[in-house]
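**Student:** quick one, what's the 3D model for this:
(2 chains)
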Protein chains: 2
Amino acid sequence: MNEKTTEELEKLRDLIDGVDQQLLHLLRKRLDLVAQVGAVKHSAGLPIYAPEREAAMLAKRRAEAETMGIQPQLIEDVLRRLMRESYLNEKDVGFKQVKEQLGKIVIIGGKGQLGQLFAHMFSLSGYDVHLLDKNDWHMAESLFDGAGLVLVTVPISVTCELIQEKLTKLSEHCILADLTSVKAAPLEAMLAAHKGPVVGLHPMFGPDVGSFAKQVVVVCHGRNAEAYGWLLEQIKIWGARLVEAEAVKHDKAMQLVQAMRHFSTFVYGLNLCREHADMQSLLQFSSPIYRLELAMVGRLFAQSPELYADIIFAQKGSLKAISDYLANYSEALTVLESGDREEFIRRFREVAQWFGELAPQFQHESRAMLQSVNDLKSH
Amino acid sequence: MNEKTTEELEKLRDLIDGVDQQLLHLLRKRLDLVAQVGAVKHSAGLPIYAPEREAAMLAKRRAEAETMGIQPQLIEDVLRRLMRESYLNEKDVGFKQVKEQLGKIVIIGGKGQLGQLFAHMFSLSGYDVHLLDKNDWHMAESLFDGAGLVLVTVPISVTCELIQEKLTKLSEHCILADLTSVKAAPLEAMLAAHKGPVVGLHPMFGPDVGSFAKQVVVVCHGRNAEAYGWLLEQIKIWGARLVEAEAVKHDKAMQLVQAMRHFSTFVYGLNLCREHADMQSLLQFSSPIYRLELAMVGRLFAQSPELYADIIFAQKGSLKAISDYLANYSEALTVLESGDREEFIRRFREVAQWFGELAPQFQHESRAMLQSVNDLKSH
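**Tutor:** Residues are numbered from 1 along each chain as shown, chains lettered A, B, ... in the order given. Have a look, this model is predicted:
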């Protein structure tokens, strides 16, 4: 590099440094303004996530960007990242308390990760939260006395038994709810054990989400919905989207969404281990899509084996979903072994047709994801 | 919402609008400055992607953010997104031509997607690019006359045959290279057919990447490396990272990275189709991680069945990798069927131990990815 080039580059980089300083100040200012919006919403009890308002704002910015010769997607991506930050901050401001004079909220299994997250959110919203862990049952009677909500979030393998044995004497005014990732059996157990309002909830996210904004919580109605309307409203204020579902339909979907996928991912890791795969060389050769896949597999093994065992062993139907996948795999392999390229292509087309419009939509969506993943790369 | 709240929110939103205007102007300014850096680099022949410089700049910004009470990750994410945009723009500026007076570049299969991408990049760098498609072989002799580089990018199933039959009469000064996703057999075929410089390349990305920046290209050396040094240099200037590998080792890794994974993904789609999965309800229940997975599956079926058939049928060894996976799946299923939760947990721990430090690293990495995916959600 000659001296002139070095000098020119230095000068330009100084200018870029200056722009970045201004950028930091603008980010600070925007975060502060959105925090003020959050405070106003907080006192008015409005949800922190307003999809229509967000979409309208983004459409406006995209149009403005276009007139300035900026790719609309750029400003949208930057603003979405900023909004995420604001949601994260908003969490610390606190939330409006929808139901005053509820009495205590008792979270059974409250020392687990998900229990702690809900305990935190309820506390931020001004409720009187008490935890009941497995060693605290001698205090159960006094804890339940005056409780307005008892929330069960214990391992799936013990949920129903615990409900049947320990939760038969709650006051009829108390709401009984659970956060289990299967819904039919716990809901049935709650309805049998308790005479008051009952609702089943399944938060479709891990306890490591920074904010409830945009996350999904599945709601399976049990009994006396008007009594727990405030609870659903409260969760919406935290930013989540509620999806109502029949327990049985939910559980069926979970066999594919959770049990089959977790099991396949587990076997993928097991397979890499058994094949003595050279991870360093795999990573070296990895395109973004494969790095993402490896990360998704590795992620599983950084978590609790008991949690995954619970999810996979929870439903009898899961075994069928897993066996069906094996049967399809096995059958497709025979096509491969016979070297019948045309048959493989025929099946490929059959599936593509079944996906229909979703396939190109997913391709579009995944491109955006892969670009984000590529942005993260620094070596 | 009462009037006062509405008024307050309106006022704050006007202020946010103002900040966003300034933000757009700053983005425009930064893109222009980086384009100027690109122009200087272009004339000096410097690579557009400078990892150390990028890392140093980000470290500085993170520190500055911290003193202003801004999460360092926020400014890093915003700047990475901006850098991506700059890389995309830089592509249109053109690139320094490393090798002048090379003569023609002939791309065999140049009308395929990957061939077109390389043709585009070579043209942007000032080379004289000619395409040779399957119907152009009557003109081959005149096209090859005076060619400095012949680049093969045809379907895997015909690559070796084409090299053996059609590329035996190139000038000894001409470089012969290929872009096939397997490397040992094509490299061998090129070395046998041609007496001059030979190099095998495998771009580890799809033709839909917007820029070469940060992408990986695997290099398998053939013969007379000093003669094609300029080619590797040129690819680096486009922004890619070169990874040198032995052809056999590369192919072995690809059995896991490509064949096994593509096949599993294919079966995943096939399985959803055969189970008559209700995609709308699956999507409704989807957490970001599962939406991402579904998108990765759907993405496959939006692409060419022939391409995937080629990749999967290309290597004999792939069949073994695929069978091994099936065997592990099948064996793990017997653990499930026996209801032996403890045995499942024992194996889970075995794999977790094998992943070692990578598991938490992947968990950390995937969290960032999942957050980006969640940012995209708008319903």
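**Student:** okay, CA-based contacts and neighbour counts for the rest of this
**Tutor:** OK.
**Student:** buried ones in whichever strand or helix holds A:Gly115, by neighbour count?
**Tutor:** Secondary structure from DSSP states H and E places A:Gly115 in helix A:113-124. Of all the residues in helix A:113-124, those buried under the rule 16 or more other CA atoms under 10 Å in any protein chain shown are A:Leu114, A:Gly115, A:Gln116, A:Leu117, A:Phe118, A:Ala119, A:Met121, A:Phe122, A:Ser123, A:Leu124.
**Student:** just checking, what packs against the next helix or strand after it?
**Tutor:** Sequence-wise, the next helix or strand downstream of helix A:113-124 (DSSP H and E) is strand A:128-132. Packing contacts for strand A:128-132, counted by 3 or more CA pairs under 8 Å, 6 or more residues apart in numbering or on different chains; DSSP states H and E, involve strand A:104-108, helix A:113-124.
**Student:** buried sites along the first one?
**Tutor:** Across strand A:104-108, burial judged by 16+ other CA under 10 Å covers A:Lys104, A:Ile105, A:Val106, A:Ile107, A:Ile108.
**Student:** okay, the last one: pLDDT?
**Tutor:** So the one you mean is A:Ile108. Looking at A:Ile108, its pLDDT reads 97.
**Student:** poorly predicted segments of chain A, please.
**Tutor:** A:1, A:91-92, A:376-379 (pLDDT under 70).
**Student:** could you list the domains of it?
**Tutor:** When chain A is parsed with automatic domain parsing, its domains come out as A:3-93, A:104-245, A:250-339.
**Student:** how about the helices in the stretch 51-200 of chain A?
**Tutor:** A:51-67, A:72-93, A:113-124, A:140-144, A:156-166, A:184-193 (DSSP state H, counting those that start in this stretch).
**Student:** dump these to TSV, plus distance to A:Lys29.
**Tutor:** Shown next, in TSV, are the helices of the stretch 51-200 of chain A (distance: least, CA to CA, whole Å):
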stretch	distance to A:Lys29
helix A:51-67	18
helix A:72-93	11
helix A:113-124	25
helix A:140-144	45
helix A:156-166	45
helix A:184-193	47
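**Student:** closest one to B:Ser43 among those helices?
**Tutor:** The closest of the helices of the stretch 51-200 of chain A to B:Ser43 is helix A:72-93. By CA to CA, the value is 27.3 Å.
**Student:** for that closest one, packing partners?
**Tutor:** helix A:3-44, helix A:51-67, helix A:113-124, helix B:72-93, helix B:358-376.
**Student:** and the first one with helix A:72-93, angle?
**Tutor:** Angular relation of helix A:3-44 and helix A:72-93 on a 0 to 180 degree scale: 50 degrees, by axes from the mean of the first three to the mean of the last three CA atoms, to 10 degrees.
**Student:** the second one now?
**Tutor:** With the same axes, to 10 degrees as the basis, helix A:51-67 and helix A:72-93 are set at 140 degrees to each other.
**Student:** which neighbouring elements make contact with helix A:51-67?
**Tutor:** Helix A:51-67 packs on helix A:72-93, going by 3+ CA pairs under 8 Å, 6+ apart.
**Student:** from the chain's centroid, how far away is the helix holding A:Gly115?
**Tutor:** Relative to its parent chain, helix A:113-124 has a centroid offset of 15 Å by CA atoms, centre = their mean, to the nearest Å.
**Student:** ok, stretch A:73-86 next?
**Tutor:** With CA atoms, centre = their mean, you get 19 Å for stretch A:73-86.
**Student:** tell me which parts of the stretch 51-200 of chain A are close to chain B?
**Tutor:** A:51, A:55, A:61, A:65, A:68-70, A:74-75, A:77-78, A:80-82, A:84-85 (CA under 8 Å from any CA of the partner chain).
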